[in-house]
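Asks: pasting the sequence and the predicted model now:
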Amino acid sequence: MKAGALPQQAIDAAGMIEEAGFTIIDDLLHGYGGGYLPPILGSKSRPSAHVPDEPFRAGMVIVIQPNVVTRDGKAGVQTGEMMLITETGIEPMHAVPRGFIRV
């Protein structure tokens, strides 16, 4: 994911989730300016809405949160991250490290 990438490319790249035998129960990503705003991208097996042709631009903020689950929905993981799109990639907007947190 970086400036110039197309939304369909993000959906195609997420195909690895389905190729591994899983699916998603949430949107692949949303919020091209922060917040839950359209356009909202789904996956091949769980399409969301119209896939826009406009590429991602540097300075856009998106939330990537596929929430990967088994196809029967009996196991999965809630995961997500707000990211800033740059010319060369993405930068996380959260300071919390990924992984399980013990409280």
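Replies: Arrived safely. Numbering: from 1, shown residues only.
Asks: which residue ranges of this protein form strands?
Replies: 22-24, 29-30, 61-64, 68-70, 81-85, 90-92 (DSSP state E).
Asks: CSV for those, including mean pLDDT, distance to A49 and mean neighbour count?
Replies: To be clear about C-beta, it is placed using only N, CA and C from the backbone, and glycine gets the same treatment. Listed next are the strands of the chain as CSV, based on pLDDT from 0 to 100; distance: least, C-beta to C-beta, whole Å; neighbours: other C-beta atoms under 10 Å:
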stretch, mean pLDDT, distance to A49, mean neighbour count
strand 22-24, 93, 15, 18
strand 29-30, 90, 10, 22
strand 61-64, 90, 15, 20
strand 68-70, 94, 21, 16
strand 81-85, 92, 20, 18
strand 90-92, 94, 22, 14
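Asks: out of these, which is closest to M1?
Replies: Relative to M1, the nearest member of the strands of the chain by C-beta to C-beta is strand 90-92, separated by 5.0 Å.
Asks: elements contacting the closest one?
Replies: Applying 3 or more C-beta pairs under 8 Å, 6 or more residues apart in numbering; DSSP states H and E, one finds that strand 90-92 contacts strand 81-85.
Asks: related to what we said a few turns ago, possible to save the strands of the chain as CSV with distance to S45?
Replies: Below are those laid out as CSV (distance: least, C-beta to C-beta, whole Å):
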stretch, distance to S45
strand 22-24, 5
strand 29-30, 16
strand 61-64, 17
strand 68-70, 11
strand 81-85, 22
strand 90-92, 24
